[in-house]
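Engineer: Structural data only, the sequence is not supplied:
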């Protein structure tokens, strides 16, 4: 990527739902001065069951919306959307800086002691070129075990972080991996860090669990410094949340997951799903 001339001062972050809040949390920790605008496309969650073409269409529409809001950097805080659209987004919007998610196959391959790694991700992530390229480049000598944890994203979206069903889904995926010798687990979906304590409990203390959110935040902070973005936000940095789903419910979820009390703005999709826009009055 070149060195685009950036005049905007906002970091846009988007995901199919609440998962990307795990990335936003890390970005806020590293960059408290940054103004952030988070979009949750909860009208279409989960992305993992959809076609890559459909996910790409959603990603392009949300990207255009965030650029209109003033985003200089856009964090595609969704492994599925990154797999479906990240390369195309960079090509289509060369003046915007993008940070995408990718399953941490490379660090897992470097950390594993016995060469057996488990990857937890959505079906669409496993189907994407990005994941397959990572495996080809960095995991030729590693045995990769995979599971797409059907139903887990929906449990997390509903706030059921330690429900019997959440525990069952995780045990069904993780216990066979550990039994086959996996000593490293990769979280390949931004929703999954919200059940990290349960994942660690099931996997046991001898298994390393890699959460990519801190690395994504570091990359975002690096780009902001490199391009002199967001240096003057100070205490006035804005924090905006919007959803294409139930705004009241999303506001409650933000408070539960991040301890932030703020009203989420409602978003509407156009009839042809090509455009997304704010509905109703804006909140400060």
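Structural biologist: Now that the structure is in, tell me what you want to look at. Bear in mind the structure is a predicted one, so any value in this text is a computation, not a measurement.

Engineer: What residues sit buried inside stretch 54-67?
Structural biologist: Using 16 or more other C-beta atoms under 10 Å as the test for burial, stretch 54-67 gives 55, 56, 57, 58, 59, 60, 61, 62, 63, 65, 66, 67. The C-beta positions use only the backbone N, C-alpha and C, and glycine is treated the same way.

Engineer: give the contact list for the last one.
Structural biologist: By that I understand residue 67. 8, 12, 74, 93, 96 (C-beta atoms under 8 Å, 6 or more residues apart in numbering).

Engineer: In this structure, mark out all the helices, start to finish.
Structural biologist: 21-30, 52-69, 79-92, 105-111, 123-127, 129-138, 152-157, 164-179, 196-203, 213-226, 247-258 (DSSP state H).

Engineer: Is there a neighbour count for residue 175? I'd like the number.
Structural biologist: 13 (other C-beta atoms under 10 Å).

Engineer: what do you get for residue 147?
Structural biologist: Residue 147: 20 neighbours (other C-beta under 10 Å).

Engineer: do residue 179 as well
Structural biologist: 8.

Engineer: Who are the packing partners of the lowest-mean-pLDDT helix or strand in the chain?
Structural biologist: Using mean pLDDT, DSSP states H and E, the weakest-scoring helix or strand in the chain turns out to be helix 123-127, at a mean of 86. Packing contacts for helix 123-127, counted by 3 or more C-beta pairs under 8 Å, 6 or more residues apart in numbering; DSSP states H and E, involve helix 52-69, helix 79-92.

Engineer: do that again at 6 Å, thanks
Structural biologist: Where contact means 3 or more C-beta pairs under 6 Å, 6 or more residues apart in numbering; DSSP states H and E, helix 123-127 is packed against helix 79-92.

Engineer: got the buried residues for the helix it packs on?
Structural biologist: Neighbour-count burial for helix 79-92 [16+ other C-beta under 10 Å]: 79, 80, 81, 82, 83, 84, 85, 86, 89, 90.

Engineer: just to revisit the earlier point, buried residues, the least confident helix or strand of the chain. List them.
Structural biologist: So, applying 16+ other C-beta under 10 Å, buried residues of helix 123-127: 123, 124, 125, 126.

Engineer: What separation do you get for the nearest residue to residue 74 once chain neighbours are set aside and residue 78?
Structural biologist: Of all residues not flanking residue 74 in the chain, residue 12 sits nearest, at 4.4 Å (C-beta to C-beta, 6 or more residues apart in numbering). Note on residue 12: its distance to residue 78, by C-beta to C-beta, to the nearest Å, is 13 Å.

Engineer: Have a look at the two and say which one is more surrounded.
Structural biologist: residue 78 (37 against 28).

Engineer: residues in contact with the closest residue to that one other than its chain neighbours?
Structural biologist: Once flanking residues are discounted, residue 78 sits nearest to residue 15: 4.2 Å by C-beta to C-beta, 6+ apart. Residue 15 makes contacts with 77, 78, 190, as judged by C-beta atoms under 6 Å, 6 or more residues apart in numbering.

Engineer: so what's residue 15 bridging to?
Structural biologist: residue 40 (DSSP bridges).

Engineer: And stretch 30-42, end to end?
Structural biologist: End-to-end distance of stretch 30-42 (C-alpha to C-alpha, to the nearest Å): 27 Å.

Engineer: Please point out which parts of that stretch sit buried.
Structural biologist: Buried residues in stretch 30-42, counted by 16+ other C-beta under 10 Å: 31, 34, 35, 36, 37, 38, 39, 40, 41, 42.

Engineer: who touches residue 63 in this structure?
Structural biologist: 74, 89.

Engineer: Use 804 as the first number for this chain going forward.
Structural biologist: Okay, using 804 as the starting number, the last item reads as residue 866.

Engineer: Quick check: the gap between it and residue 918.
Structural biologist: From residue 866 to residue 918 the distance is 38 Å (C-beta to C-beta).

Engineer: Residue 874 too?
Structural biologist: From residue 874 across to residue 918, the span is 41 Å (C-beta to C-beta).

Engineer: In terms of neighbours, single out the busier of these two.
Structural biologist: More crowded of residue 874 and residue 918, by other C-beta under 10 Å: residue 874, with 26 against 15.

Engineer: mind checking pLDDT for the nearest residue to the more buried one once chain neighbours are set aside?
Structural biologist: Nearest residue to residue 874, sequence neighbours excluded (C-beta to C-beta, 6+ apart): residue 815, at 3.3 Å. Note on residue 815: pLDDT of 98.
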